[in-house]
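K.L.:
Provided below are the primary sequence and the corresponding predicted coordinates.
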Amino acid sequence: MASLDLPMIWAGLLALAVFMYVLLDGFDLGVGILFPFAARDQDRDDMMNSVAPVWDGNETWLILGGGGLFAAFPKAYAAFMPAVYMPIGFMLTALIFRGVAFEFRFKASGSARRIWDQAFHWGSVVATFSQGLILGALVQGISLEDGRFSGGMFDWLTPFSFVTGCALVWGYALLGSTWLIIKTEGELLAWSRITALVSAVVVLLMIAVVSFWMPAIDVLAAERWGLRYPHIDWSRLLPLTPIPLLVGVAFWQLVRSVRRGHTYMPYLFSVALFLLGYVGLLVGIFPYIVPYGLTIHEAAAAPNSQALLLVGALVMLPLILGYTAYVYWVFRGKVSADASYH
Amino acid sequence: MTDTLDMTLLARLQFAFTVSFHIIFPSFTIGLASYLAVLEGLWLKTKNEIFLNLYRFWVKIFAVSFGMGVVSGLVMSYQFGTNWSLFSEATGNVLGPLLGYEVLTAFFLEASFLGIMLFGWNKVGPRLHFASTVIVALGTLLSAFWILSANSWMHTPAGYELRDGIFYTTSWMEVIFNPSFPYRFSHMVLAAYLTTSLVVGAVGAYHLLKRTRLQAARVMMLMALPFIATVSIMQLVAGHEHGVNVHEYQPAKVAAMEGAWETREGAPLLLFALPDQEAEKNHLEIGIPKLASLVVTGSLDGELTGLKAWPVDERPPVAWVFWSFRVMVGLGMLMIGLGLVGVWLLWRGSLEQRRWFLRACIAMGPTGFIAVLAGWITAEVGRQPYTVYGLMRTADSVSPVTAEAVATSLIVFVFVYGIVFTAGMYYMLRLARRGPDERASTPPPDDNLRPPLGALLGRRRDETAEVKA
């Protein structure tokens, strides 16, 4: 094991876990964001039924993200969590409300049902917005002294993090819309196509705003991207231009596949958009795990700790991906009444 | 300094509140998942609709409880970082992989196959559905394995080396199978099974009293009462063994459990006392001579070390430990009594005429949860003032965040959990009151029940006929 760069492997695995979380829980949070805007109660039932069998597994990737950070990079976990104390709290309480709403809504009737509808919607919105705040707080940098958090309780709250919060809400709405294109029929399908197009346009704008803003507040990202305003360093920017160009291509293909009535393509191109945005962010903060005070190597757990869990991850992750795929296959196709509850 | 103290107290309060809320649901779902697997297995084997109806009934309650367990567990996995970052930093090398294994081997398994369990009836065949239920049950036990291993390590750390305030692992086997782990794990799993069977017994008794869902209620009682009798006695043995282990590794906790201030031979077992931390003595003691020494050391004249043997700042809050321990043991004794009387009444065939006993079953329904909470209070308050026993103090474990932030989030959690708990309890109780649907076109006559259920139920055949008419 000595020759392996364990911290880098773990950074890669964690990046994968976070991305899996975004692309899976992203669509069920997105369905919650879109929830009250659907035309009929029947549509809302279908929307909820389309994610009810899988949301729990999706959310487990978030626990893997938190648990994996604790296990593989305890110093980063200890430094970062206090810095985002409040948005983490918002996210958790929101996830509580929307998580129980799945069960409670099916068991409630009349006005109580409306309450859990609201809990599902607002829980999804607040959880997503908080995740965007946390992302923004991470990207703009955390105040550390001797590797420990030394900032204030409101450091995370900036115009930049507010924008990343909004961006993520629209991003998950896009994933939710394209998921509904896969799972629904008739009027709800037509409606999902419209919400997919609207959110795709907003997401593209948001990607542009964050891309040009990030170098302005973050010296390292400015250097990486060659965007030290007003100076532009083309020798650095040019090799990275495939990323924004591919964003354009993915957006174009996304819009085209929605308009042509494809079933799976819109979701896959939305995932591609997310992947490109994600890579763009990582380019801006690598090799830091807590920008700009702790690098991946500085924050790493002891080698034997990382090695032990790596063995488990290498055995278990393919299994997890396998049976997750199986569960999705079991519930494949359009959501219908025979997938009724219990 | 004052701020650190306030912060520590608030962080402890928040942890105590959120973890107490959380443990209620796993205690129930661990047992219920296994019960569901048994029910579905019996249905597949006997094709008796009663087992299927019972499955469909309990799986709804399971879903509510599981959902609340998941969301409250998510809070726990982030709270280590938000409120206890210095603890996380110091123990991450050791505890991180254990929690990581819990997520990888248990959480994904449970969450993924729960979907099939709840929504897959028309999507997969009965055998695959049964396999999903078994997998979920297995997942709950695996989860208990890892989290209790991590918790036990904090009580009886082993296989580590401490350098510059950071723990490093020297032997994973010693870490995972640390000295108190086997005791704590078996004690907790038995507690979960016992808790669930008490709830099943209470719901069965309720319907026998109301004379509704009689067939299903009888099966529930037949399954629950002998189980309660057996497991509560096993729990007495397991609990005692655990206590002996605690005495070996955490004698100060045992001293607090027994309310023993002075070191003495032949210490009495106190039935009642009001421990006074400042005065270092008890008020209004009532006890049985020499019994504590016998229970803890195995000899009437065994020596029990008193709390005064430890400096004041290394003693746990005695009254909490003393009383929570008594609540747990007292309820355990009542459970044994309930189980034995229940089995006797079943044997005599007079269970349904003994309305007082059915009422007792209902009253005992929630006692599993109370005993679990009391037991955990004994364990966790009893190891104060340490997070990693003898090595890392609670006050040195908290995050560099303000007391205001912790107080605010604590208030929010209390508020949110209050709403969610109330609603969840309401829905679960409503489901329990409605009882299992009798979906079979006509309820099968008692003769269709295969032995041994048919044999036992046969004693009341006349009465059933009456009710059906």
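P.N.:
Structure received.

K.L.:
what about the longest helix in the chain?
P.N.:
Picked chain A for this. In chain A, assigned by DSSP state H, the helix with the most residues is helix A:186-217.

K.L.:
Chain B was what I was after
P.N.:
Chain B, longest helix under DSSP H: helix B:2-46.

K.L.:
What is the helix or strand following that helix packed up against?
P.N.:
Moving toward the C-terminus from helix B:2-46, the next helix or strand (DSSP states H and E) is helix B:49-83. Applying 3 or more Cβ pairs under 8 Å, 6 or more residues apart in numbering or on different chains; DSSP states H and E, one finds that helix B:49-83 contacts helix A:55-72, helix A:74-83, helix A:85-107, helix B:2-46, helix B:85-102, helix B:108-119, helix B:214-249, helix B:403-434. C-beta: built from backbone N, CA, C; applies to glycine.

K.L.:
re earlier: relative orientation of the longest helix of chain B and helix B:85-102 in degrees?
P.N.:
For helix B:2-46 against helix B:85-102, the angle by axes from the mean of the first three to the mean of the last three Cα atoms, to 10 degrees is 10 degrees.

K.L.:
hang on, B:K253 packs against B:Q384?
P.N.:
No. Applying Cβ atoms under 8 Å, one finds B:K253 not in contact with B:Q384, separated by 9.1 Å.

K.L.:
Looking at these two, which is more packed in?
P.N.:
B:K253 (25 against 20; other Cβ atoms under 10 Å in any protein chain shown).

K.L.:
What strand or helix carries that one?
P.N.:
Going by DSSP H and E, B:K253 is part of helix B:251-258.

K.L.:
now swap in B:G342 and tell me
P.N.:
Per DSSP H and E: helix B:318-348 holds B:G342.

K.L.:
Beyond that helix, next helix or strand please.
P.N.:
Once helix B:318-348 ends, the next helix or strand along the chain (criterion: DSSP H and E) is helix B:355-364.

K.L.:
So for that following helix, what gets flagged as buried?
P.N.:
By 16 or more other Cβ atoms under 10 Å in any protein chain shown, the buried positions in helix B:355-364 come out as B:357-358, B:360-362, B:364.

K.L.:
Check stretch A:301-316 too.
P.N.:
A:301-310, A:312-313, A:316.

K.L.:
Then stretch A:114-127?
P.N.:
Using 16+ other Cβ under 10 Å as the test for burial, stretch A:114-127 gives A:115-117, A:119-127.

K.L.:
swap in stretch B:11-18?
P.N.:
B:11-12, B:14-15, B:18.

K.L.:
Which of the buried residues of stretch A:114-127 fall within helices?
P.N.:
Those of those lying in helices (DSSP H): A:115-117, A:119-127.

K.L.:
if we can go back for a sec, give me the common contacts of B:K253 and B:Q384.
P.N.:
B:P316 (Cβ atoms under 8 Å, 6 or more residues apart in numbering or on different chains).

K.L.:
Count the residues that sit near residue 58.
P.N.:
Looking at chain A here, since you left the chain open. By other Cβ under 10 Å, neighbour count at A:N58 equals 22.

K.L.:
ah, no, chain B please
P.N.:
Using other Cβ under 10 Å, B:W58 has 24 neighbouring residues.

K.L.:
Flag the shaky bits of chain A, pLDDT-wise.
P.N.:
Chain A contains residues with pLDDT under 70 at A:1-3, A:337-342.

K.L.:
From B:L274, how far out is A:L281?
P.N.:
60 Å (Cβ to Cβ, to the nearest Å).

K.L.:
more crowded one of those two?
P.N.:
Using other Cβ under 10 Å, the more surrounded residue of A:L281 and B:L274 is A:L281, with 18 against 13.

K.L.:
mind checking the SS state of the more buried one?
P.N.:
helix (DSSP: H, G, I helix; E, B strand; the rest coil).

K.L.:
quick one: contacts for residue 61?
P.N.:
By default, I'm working from chain A. Applying Cβ under 8 Å, 6+ apart to A:W61 gives the contacts A:17-18, A:20-21, A:24-25.

K.L.:
was after chain B, sorry
P.N.:
Taking Cβ under 8 Å, 6+ apart, we find B:I61 in contact with B:32, B:428, B:431-432.

K.L.:
Which residue is it, in chain A, that comes closest to chain B?
P.N.:
Scanning chain A for proximity to chain B using Cβ to the nearest Cβ identifies A:P74 as nearest, at 2.2 Å.

K.L.:
Low-confidence ranges, the stretch 1-150 of chain B, go.
P.N.:
Along the stretch 1-150 of chain B, segments meeting pLDDT under 70 span B:1-5.

K.L.:
List the contacts of B:I176.
P.N.:
Applying Cβ under 8 Å, 6+ apart, the residues near B:I176 are B:98, B:149.

K.L.:
For it, give me the pLDDT.
P.N.:
On the pLDDT scale, B:I176 is placed at 94.
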